[in-house]
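Asker: Turn this into a model:
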Amino acid sequence: MSILVMGTILVLLNFIVNKIAGLNRKKWFISGIITMILLAPLVYILTLNIIGSYSGGGIGANFAGFVFATTTFINGLIFLVFGFFSKKFQF
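Answerer: Numbering: from 1, shown residues only. Below you'll find the model as predicted:
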């Protein structure tokens with residue numbers, strides 16, 4: 001169930017960033033940095049608190065938080081790659 005929720009969050013994040021950034025390189029860079037620096041630790045902490053409270057904490061909650069935060073971080077890296085390889089066209 002938690003994988004489905006995380007997948008939904010990532011799909012919504014990608015959709016929102018794609019609609020906001022468009023072809024603007026600067027916005028892709030900014031959204032990638034925000035995703036990597038701000039959202040990844042937030043996802044880790046929230047996953048530890050939510051899964052840890054239901055399962056009793058421990059290594060399982062820590063591993064799930066690490067996996068979800070790593071997935072979010074990689075998503076931010078992909079945003080940076082899109083910004084690097086997008087055209088220099090700005091609206």
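
Asker: Distance from the chain centre to the helix or strand of the chain with the lowest mean pLDDT, please.
Answerer: Taking all helices and strands of the chain together, the one with the lowest average confidence (mean pLDDT, DSSP states H and E) is helix 40-55, at a mean of 86. Computed by C-alpha atoms, centre = their mean, to the nearest Å, the separation of helix 40-55 from the middle of its chain amounts to 14 Å.

Asker: Can you point out the buried residues in it?
Answerer: Across helix 40-55, burial judged by 16 or more other C-beta atoms under 10 Å covers 40, 43, 44, 47, 48, 51, 52. No exception for glycine: its C-beta is placed from N, CA and C like everyone else's.

Asker: Spatially central residue in this structure, please.
Answerer: By C-alpha atoms, centre = their mean, the mean C-alpha position of the chain lies nearest to residue 72, the distance being 3.0 Å.

Asker: tell me what the least confident helix or strand of the chain is packed against?
Answerer: Under the contact definition 3 or more C-beta pairs under 8 Å, 6 or more residues apart in numbering; DSSP states H and E, helix 40-55 sits against helix 59-85.

Asker: what inclination does the helix it packs on have with respect to helix 40-55?
Answerer: When axes from the mean of the first three to the mean of the last three C-alpha atoms, to 10 degrees is applied, the directions of helix 59-85 and helix 40-55 differ by 160 degrees.

Asker: list the helices and strands helix 59-85 packs on?
Answerer: Secondary elements touching helix 59-85 (3+ C-beta pairs under 8 Å, 6+ apart): helix 2-21, helix 25-34, helix 40-55.

Asker: change it to 6 Å
Answerer: helix 25-34, helix 40-55 (3 or more C-beta pairs under 6 Å, 6 or more residues apart in numbering; DSSP states H and E).

Asker: buried sites along it?
Answerer: Neighbour-count burial for helix 59-85 flags 61, 64-65, 68-69, 71-73, 75-76, 79-80, 82-83 (criterion: 16+ other C-beta under 10 Å).

Asker: quick one: average confidence on that helix?
Answerer: For helix 59-85, mean pLDDT is 90.

Asker: between that helix and helix 25-34, how many degrees?
Answerer: 160 degrees.

Asker: so how far is helix 59-85 from its chain's centroid?
Answerer: Helix 59-85 has its C-alpha centroid displaced from the chain centroid by 6 Å (C-alpha atoms, centre = their mean).

Asker: That'll do, ta.
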